[in-house]
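> take this sequence and fold it.
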Amino acid sequence: MAVRHGRPTYETQATHLRVDQPLDRTWFAAGFPSGTRVERRKGRTSIVEPADFAGGLQITTLAPAALPQGYAFALATVNEPGPVQVGTERGTLLYRRGFDRFVVDLIPNGAMPAGIGDPYDMTSTGARVSRTVLEHGALAGRQATIVLDPEQAPYLWVTGSGETIAVAGDLTPDEPIAVAESLRPLPSANGAAQ
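You can find the predicted model right below:
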C-alpha cells in the first residue's frame, strides 16, 4: 500500500504466493538485440558485452572464474569520466541470483580522489574491518581489506599496482574472499587476456 498525505493511493494484494519455485534464468538477464553494439561515451555509463568490457579500461580486467551457488553473470558496464567528473571511471561486472546481486568493480588508480582507499567509503561505526592476504587467483599475495558492516552488505577491496578491485553485494562474509581469489584475466574480443 502506498500512502500520500495520509490517504492510500493504491494497494496491491497477493492472493496466491508460491515460494522456492524454479525460475527461468532469462527472467533476470540483460539481453541485447542481435547485432547491437553498445559504445562508450564520455561521462556516461554504457552497457557493454563482456568481450568489449575487457578492452574498455586502461587496466587488466578480471572476472570471477567461480561464482557462489546460484549466481550468474547479468551485466557489464563501463563508466568513463567526463570533463567535469572526478573519481567515476570504473568497470563493473554484475552477477544475479534472483533478487540477490553482487558486483566486481574495477577502478583504475587515479580514478578516485587521492587518499581514498576504500572505494565505497561507507563504513559505519559498528563495522568490523579486517585484512587478509589472498592466496589464489590473479590477486594472490595481495592484501585485501574486508568490511563487515551491520548496515550494509559485506564487501572486500584490494589496491594493486594500477587499480582498486572491489567485490560487494548480497554475499555471506566468506564469499567476497572466495570471489576475489577466483578472479582471472578476462579475454578480450580477440581472445587475448587483457
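> any weak-confidence spans in this structure?
For the chain, residues meeting the criterion pLDDT under 70 lie at 1-3, 25-59, 80-89, 109-125, 161, 187-194.
> tell me where it has helices.
50-54, 175-181 (DSSP state H).
> correct me if wrong: residue 76 contacts residue 91.
Yes - here residue 76 reaches residue 91: they are 7.2 Å apart, a contact under CB atoms under 8 Å. Every C-beta, even on glycine, is put in place using the N, C-alpha and C of the backbone.
> let me see the ranges of the strands in the protein.
All strands of the chain, identified by DSSP state E, fall at 2-4, 7-10, 45-48, 62-64, 72-79, 90-97, 100-108, 128-133, 143-148, 155-159, 163-169, 183-185.
> including distance to residue 17 and mean neighbour count, could these go into TSV?
As requested, the strands of the chain are arranged in TSV below (distance: least, CB to CB, whole Å; neighbours: other CB atoms under 10 Å):
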stretch	distance to residue 17	mean neighbour count
strand 2-4	20	9
strand 7-10	19	8
strand 45-48	33	17
strand 62-64	33	23
strand 72-79	25	19
strand 90-97	20	21
strand 100-108	19	21
strand 128-133	36	11
strand 143-148	32	18
strand 155-159	32	21
strand 163-169	26	24
strand 183-185	38	18
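> those: which one's closest to residue 23?
strand 90-97 (10.0 Å; CB to CB).
> strand partners (parallel or antiparallel) of the closest one?
strand 72-79 (antiparallel), strand 100-108 (antiparallel) (DSSP bridges).
> redo those strands as a markdown table? Include distance to residue 140.
Formatted as a markdown table, these follow (distance: least, CB to CB, whole Å):
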| stretch | distance to residue 140 |
| --- | --- |
| strand 72-79 | 23 |
| strand 100-108 | 16 |
